[in-house]
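Engineer: Need a 3D model of the sequence below.
(one chain, ligands or ions: 3)
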Amino acid sequence: MIFSMENCIKKYFITTYGCQMNLHESEKIAGILTSLGYEEANSEVDADIIVFNTCCIRENAEDRAEGNIGALKQLKRKKKDLIIAVGGCMTQQPGFANELHQKFPFIDIIFGTHNLEDFANLLKRKLSSKKKIIDVLEKEGPIKEGTPKTRTSYPNAWVNITYGCNNFCTYCIVPYVRGRERSRKLEDVVNECKSLIKEGYKEITLLGQNVNSYGNDLKDTDFATLIREVSKIKGKFRLKFMTNHPKDFTEKLIIAISESDKVCHTVHLPVQAGSDRILKLMNRKYTRNDYFEKINLLRKYIPDVAITTDIMVGFPTETEEDFLDTVDLVEKVGFSGAFTFIYSKRDGTPAAKMDGQIDEEVSKRRIMKLIELQNSTNRKQSEEYLNKTIEILCEGFDEKKNMYLGRDTHGRMAYFSSQEDMIGQFVFVKILKTGGMSLMGELVR
Ligand code: SAH
Ligand code: SF4
Ligand code: F3S
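Structural biologist: Ligands and ions are numbered 1, 2, ... in the order given. Down below sits the predicted model:
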């Protein structure tokens, strides 16, 4: 009898919800599975193990994950050996793992954010017994170094610098599902970045819920120092980081950014709201004036900086006047991009218990107004690119447009045609056409 190797190799399929942090954590799950001999499957149907790495930042993130998990019931019935694992922020909420087990008894492994690095053991336990594994640790442990990673975002590479969050913004679930803030050692971060550049990565994105408080739990270091150290690594590459918190965004850091030839001239500085009353209720620890001061300082040291933000509408008790303060702030700053969200009530957070929850219809109208305002700013900013030549890092190929794409130092996306594969190369593109957020151009030799 002839056996084909194809049939012996086990395959994995991972679906990720949520932020970059979670995408990177899925790269760790993929790395662990790769080290166990698994290969990536093209679809769920081809997989021997399906992993859902979930998010609970807003209700719709949870709904999507639950919908997709539920849809696997038939596949699991047909394929008895298929393993379904669910982990991430959603399962980390108190009592949620059991709830999920009741709702979807066919899930084989339920794990949390604090034992993701232990996934190999969880899987081995499952493979050696018929029992379901429900293992969610209540508390975070020390940082584990050395987890293998199967990276998926070349030429960019994500690098964790902090885990967890200490800020407790009143609307936010993250501190409850990710634990207290812990910083990786500076040398561990720098060494990982060095190897990545050696391997050929062209862009590094440092990750943390609040990268600006990096080092608060370490001796003699801070985020500005880290930026300077990573910038010293030889070779041409771009350095990015997210997310910043206005309360910890210092002049020292702005100077470090301005003096680095690696850090991109784009800063994501989530403002959330433009009303002082709402900012206070959100426990953001800055006022709109403080925010304007940070923007002025940034533009003083880095005049061409592109600033992007996150904004929320419909926080409990938000009045029309509060909302107009947000509109006013958005008009005054002139963001280069804004992620807009409707407040979503998260059980266990202080805001969930506040009186004055806002009607969905009111929030929808408010978010539409913000989106329109931001779209018009995007269009105006894009037009300024017309006939200019910009340097972009080519990130990928768009099958639909049949064009390569990449971003400039300001994070603006540009498309261009090329016969050769350009992914991972820095190229100059002359912009010939502008759209809402994106630009079209031709390669300049
Ligand atoms: N640590 C980062 C990212 C947090 S999550 C930061 O502080 O910026 C990303 C964004 O989701 C937040 O900036 C916020 O705008 C939004 N968000 C967080 N909790 C939310 C909630 N309960 N409802 C709606 N949006 C929320
Ligand atoms: Fe959530 Fe605030 Fe922490 Fe960001 S800084 S993760 S919004 S608590
Ligand atoms: Fe979601 Fe967890 Fe990130 S809640 S946004 S995946 S930290």
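Engineer: mind listing the helices for this structure?
Structural biologist: Listed in chain order, the helices of the chain (DSSP state H) span 5-8, 20-35, 59-70, 73-78, 96-103, 119-127, 174-178, 186-199, 223-231, 251-259, 276-281, 288-301, 320-333, 360-383.
Engineer: and the longest one with helix 320-333, angle?
Structural biologist: This points to helix 360-383. 10 degrees (axes from the mean of the first three to the mean of the last three Cα atoms, to 10 degrees).
Engineer: Show me what helix 360-383 packs onto, helices and strands only.
Structural biologist: Helix 360-383 sits against strand 306-313, helix 320-333, strand 337-342, strand 426-434, with contacts defined as 3 or more Cβ pairs under 8 Å, 6 or more residues apart in numbering; DSSP states H and E. Quick note: C-beta positions are derived from backbone N, CA and C, even for glycine.
Engineer: Try it again at 6 Å.
Structural biologist: Under the contact criterion of 3 or more Cβ pairs under 6 Å, 6 or more residues apart in numbering; DSSP states H and E, helix 360-383 touches strand 306-313, strand 337-342.
Engineer: How about the backbone phi and psi for the residue of the stretch 201-350 of the chain with the smallest separation from ligand 2?
Structural biologist: Closest approach between the stretch 201-350 of the chain and ligand 2, counting by Cβ to the nearest ligand atom: residue 209, at 4.0 Å. Dihedral pair for residue 209: phi -60, psi -30, per degrees, to the nearest 10.
Engineer: Show the contacting residues for it.
Structural biologist: Under the criterion of Cβ atoms under 6 Å, 6 or more residues apart in numbering, the neighbours of residue 209 are 165, 174.
Engineer: could you redo the last one with a cut-off of 7 Å?
Structural biologist: Going by Cβ atoms under 7 Å, 6 or more residues apart in numbering, residue 209 touches 162, 164-165, 174, 178, 243.
Engineer: pretty sure residue 160 is touching residue 183, no?
Structural biologist: No - at 9.7 Å, residue 160 and residue 183 do not qualify as touching, with contact defined as Cβ atoms under 7 Å.
Engineer: okay, the two: which has more neighbours?
Structural biologist: residue 183 (25 against 20; other Cβ atoms under 10 Å).
Engineer: is that one in a bridge, and if so with what?
Structural biologist: Beta-bridge partners for residue 183, by DSSP bridges, are residue 162.
Engineer: measure it to residue 221 for me?
Structural biologist: As judged by Cβ to Cβ, to the nearest Å, residue 183 and residue 221 stand 8 Å apart.
Engineer: what's the answer for residue 307, then?
Structural biologist: For residue 307 relative to residue 221 (Cβ to Cβ), the value is 26 Å.
Engineer: Look at these two and report which has more neighbours.
Structural biologist: residue 307 (23 against 16).
Engineer: So which bits of stretch 69-79 are buried?
Structural biologist: Residues of stretch 69-79 classed as buried: 69, 72, 76 (neighbour count, 16 or more other Cβ atoms under 10 Å).
Engineer: how about the nearest residue to the first one, chain neighbours excluded?
Structural biologist: What sits nearest to residue 69 in space, not counting adjacent residues and going by Cβ to Cβ, 6 or more residues apart in numbering, is residue 104, at 5.5 Å.
Engineer: In this structure that neighbour contacts residue 70, no?
Structural biologist: Yes - look at residue 104 against residue 70 with Cβ under 7 Å: they come within range, at 6.5 Å.
Engineer: Now for these two: what residues contact both?
Structural biologist: Residues touching both residue 104 and residue 70 (Cβ under 7 Å, 6+ apart): there are none.
Engineer: what residues does the stretch 1-150 of the chain put near ligand 3?
Structural biologist: 18-19, 21-22, 55-57, 89 (Cβ under 6 Å from any ligand atom).
Engineer: Could you rerun that using 8 Å?
Structural biologist: For the stretch 1-150 of the chain, the residues in contact with ligand 3 (Cβ under 8 Å from any ligand atom) are 17-22, 53-57, 61, 88-90, 113.
Engineer: And the stretch 201-350 of the chain, by the same measure?
Structural biologist: residue 209.
Engineer: To what extent is the closest residue to residue 19 other than its chain neighbours buried, counted in neighbours?
Structural biologist: With Cβ to Cβ, 6+ apart as the criterion, residue 19 has its nearest non-adjacent residue at 7.0 Å, and that residue is residue 55. Residues lying near residue 55 (other Cβ under 10 Å) number 22.
Engineer: can you tell me how far residue 55 sits from residue 113?
Structural biologist: Relative to residue 113, and taking Cβ to Cβ, residue 55 is found at 10 Å.
Engineer: Now list whatever residues contact both of these two.
Structural biologist: Common contacts of residue 55 and residue 113 (Cβ under 7 Å, 6+ apart): 88-89.
Engineer: re the thing from before, just the buried ones from the residues of the stretch 1-150 of the chain next to ligand 3?
Structural biologist: 17-19, 21-22, 53-57, 61, 88-90, 113.
Engineer: which of those lies closest to ligand 1?
Structural biologist: Distance to ligand 1 across those (Cβ to the nearest ligand atom) is lowest for residue 57, with 5.1 Å.
Engineer: Next up, the contacts around residue 273.
Structural biologist: By Cβ under 7 Å, 6+ apart, the residues touching residue 273 are 279, 282, 312, 315, 326.
Engineer: swap in residue 394?
Structural biologist: 404, 406, 422-425, 427.
Engineer: Minimum distance to ligand 3, which residue of the stretch 201-350 of the chain gives it?
Structural biologist: Closest contact between the stretch 201-350 of the chain and ligand 3, by Cβ to the nearest ligand atom, is at residue 209 (6.8 Å).
Engineer: how close does that residue sit to residue 165?
Structural biologist: Distance from residue 209 to residue 165, by Cβ to Cβ: 4 Å.
Engineer: doesn't residue 105 make contact with residue 69?
Structural biologist: No - counting by Cβ under 7 Å, residue 69 does not reach residue 105; the two are 11.5 Å apart.
Engineer: Please name the nearest non-neighbouring residue to residue 269.
Structural biologist: Excluding its sequence neighbours, the residue lying closest to residue 269 (Cβ to Cβ, 6+ apart) is residue 244, at 5.0 Å.
Engineer: So the one you found sits against residue 213, correct?
Structural biologist: No - applying Cβ under 7 Å as the test, residue 244 and residue 213 come out as separate, 9.9 Å apart.
Engineer: on that earlier part again, so for the residue of the stretch 201-350 of the chain closest to ligand 2, what pLDDT did the model give?
Structural biologist: pLDDT recorded at residue 209 is 97.
Engineer: separation between it and ligand 1?
Structural biologist: Using Cβ to the nearest ligand atom, to the nearest Å, we find residue 209 at a distance of 4 Å from ligand 1.
Engineer: what are the phi and psi angles of residue 271?
Structural biologist: Dihedral angles phi and psi of residue 271 (degrees, to the nearest 10) take the values phi -100, psi -30.
Engineer: show me what contacts it?
Structural biologist: Contacts for residue 271 were tallied using Cβ under 7 Å, 6+ apart; they are 246, 291, 309, 311, 329.
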